Structure formats: structure tokens, C-alpha cells
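Chemist: Next one to model:
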Amino acid sequence: MALVPYSESALPALAKLHNSTATFQFAGREVRLHQDWRRSGVAAVVWDAAVVLCVYLELGGVEVRGKAAIELGAGTGLVGIVAALLGAQVTITDRKPALELLSTNVRANVPADLQSAVSVSELSWGSGLEHYPAGGYDLVLGADIVYLEDTFPALLRTLDHLCSDVTVVLLACKIRYNRDSDFLDMLRKGFAVEEVHYDRQRDIHVYRAVKHMPRTDL
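Modeler: As a prediction, this is how the structure comes out:
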């Protein structure tokens with residue numbers, strides 16, 4: 001979601017993120033994504049959390065085929081593209097500066113017969129939510145979107161708007177700082193949250209969240 005350029009020399013361990021493309025195999029297809037670290041920073045490269053979430057989807061961690069899905073903070077679009085290849089109807093979203101690269105990757109990797117099942121749309125968390133159906137999605141997907149504390153309230157409002165009490169939210173993230181765990185605590189006030197997968201090699205957690213049922217005894 002944030003467009004933050006970094007110096008390559010300052011982060012030599014992240015050299016692979018400076019490659020102009022990243023290639024993966026999912027859903028029986030090669031997915032080849034354009035990256036543009038120098039121009040757009042963290043929003044324009046593929047992070048491990050996206051890869052782990054795609055593996056979880058492909059292994060059947062949740063039913064995808066025929067589901068209405070939305071990806072938040074999509075960046076390069078890997079998760080949304082893989083969800084489409086697995087049979088979902090997907091809205092892939094990010095902030096306006098990320099949409100050109102995102103659209104390029106969708107056109108390049110989603111076959112013609114599935115293009116109608118994918119849309120790319122601008123979404124800044126907490127703003128313009130009236131353009132998205134309230135509680136209108138079966139799946140809400142997010143990979144490595146929990147890292148800027150200032151965005152947490154807007155992200156929570158967005159999740160609350162998009163989800164019904166049967167929507168499944170899947171968040172893949174690395175727990176780097178206390179604030180990341182703090183977000184999960186904030187999420188638990190409105191959602192039942194459980195860890196459903198952990199990739200030890202990449203140190204990535206996948207959390208499943210479902211909105212609490214409204215009380216009927218009041």
C-alpha cells in the first residue's frame with residue numbers, strides 16, 4: 001500500500017527485489033510479474049508473504065473456485081492473479097500509483113478466457129468504500145499489508161465494510177515488530193482470528209479471520 005523507494009546499497013539482502021521480473025509456477029501456469037523497485041519501492045515487488053499465501057490457496061486451504069474475492073494492497077498482483085487462475089472472481093486493489101504496474105501484470109498473466117473474471121480497482125483503505133459492496137465478498141486477501149501503524153484504523157474500517165459474517169479474511173504476514181501483533185489484537189475485537197499456516201523457512205504466518213456474529217440477545 002505504501003510507495004516507499006529504498007536505496008539498493010542500503011539493503012543488499014534484498015537484491016532479488018531489484019530484478020525487473022519475478023517468475024513463479026502456480027495453478028499449472030507460469031506467472032511472470034514485472035517489478036519496479038526503483039520507481040515505486042515496496043509496492044512494486046513480490047514479497048515472501050504473497051508467495052506463501054498463494055501456496056496456501058493452491059493447496060486448498062480455503063475454497064477459491066467460484067468465490068467473489070478482493071485483494072487489498074495488491075502491489076504486483078500475485079495473490080489476486082493466482083486466485084483468478086484458481087477460479088475466483090477477483091477484484092484486485094491498491095492505491096492509484098500502483099495501478100499501472102498492477103494492470104500490466106494482470107493482462108500478462110491472466111488468460112483471455114479469464115480476463116472477465118478479474119478487475120483492477122483503486123482502493124485507499126478507509127476511503128471510497130461506497131464503491132465496494134458492503135459485505136459483498138466471500139474472500140478478502142492481503143499479503144504483507146500489516147506494517148504501517150498509521151494505516152491500521154483505515155484497514156480495520158475497510159475490512160469491516162467488505163466482510164459479512166461469512167466472509168473469510170486471509171492475511172499473510174511476517175511478525176516483525178510489536179505493532180504487528182497489536183494489529184491482530186485490534187482485529188480480534190471484531191473478528192475471530194486464528195493462525196492457519198506457518199512457513200518456517202520464510203517466517204510467514206497466515207491468519208484466518210471471520211467477523212463476529214452480531215448479538216441477537218440485546
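
Chemist: Show the pLDDT at the nearest residue to Asp160 once chain neighbours are set aside.
Modeler: Leaving aside its chain neighbours, Asp160 sits nearest to Gly190 (6.1 Å; criterion: Cβ to Cβ, 6 or more residues apart in numbering). Quick note: C-beta positions are derived from backbone N, CA and C, even for glycine. At Gly190, the predicted lDDT confidence score is 97.

Chemist: Could you report the separation of Gly190 from Cys163?
Modeler: For Gly190, the distance to Cys163 (Cβ to Cβ, to the nearest Å) stands at 9 Å.

Chemist: any shared contact partners between these two?
Modeler: Lys211 (Cβ atoms under 8 Å, 6 or more residues apart in numbering).

Chemist: Now do the residue nearest to Asp160: how many residues are near it, please.
Modeler: Around Gly190 there are 14 other residues, counting by other Cβ atoms under 10 Å.

Chemist: Next, name the residue at the spatial heart of this protein.
Modeler: For the chain, the residue lying nearest the average C-alpha position, counting by Cα atoms, centre = their mean, turns out to be Gly142 (2.5 Å).

Chemist: Can you give me every residue that contacts it?
Modeler: Neighbour list for Gly142: Glu71, Leu72, Gly73, Val169, Leu170, Leu171, Ala172 [criterion: Cβ under 8 Å, 6+ apart].

Chemist: So in terms of bridging, what pairs with it?
Modeler: Judged by DSSP bridges, the bridge partners of Gly142 are Leu72, Leu171.

Chemist: tell me the contacts of Ala143?
Modeler: Ala143 makes contacts with 47, 49-50, 52-53, 71, 73, 75, 78-79, 171-173, as judged by Cβ under 8 Å, 6+ apart.
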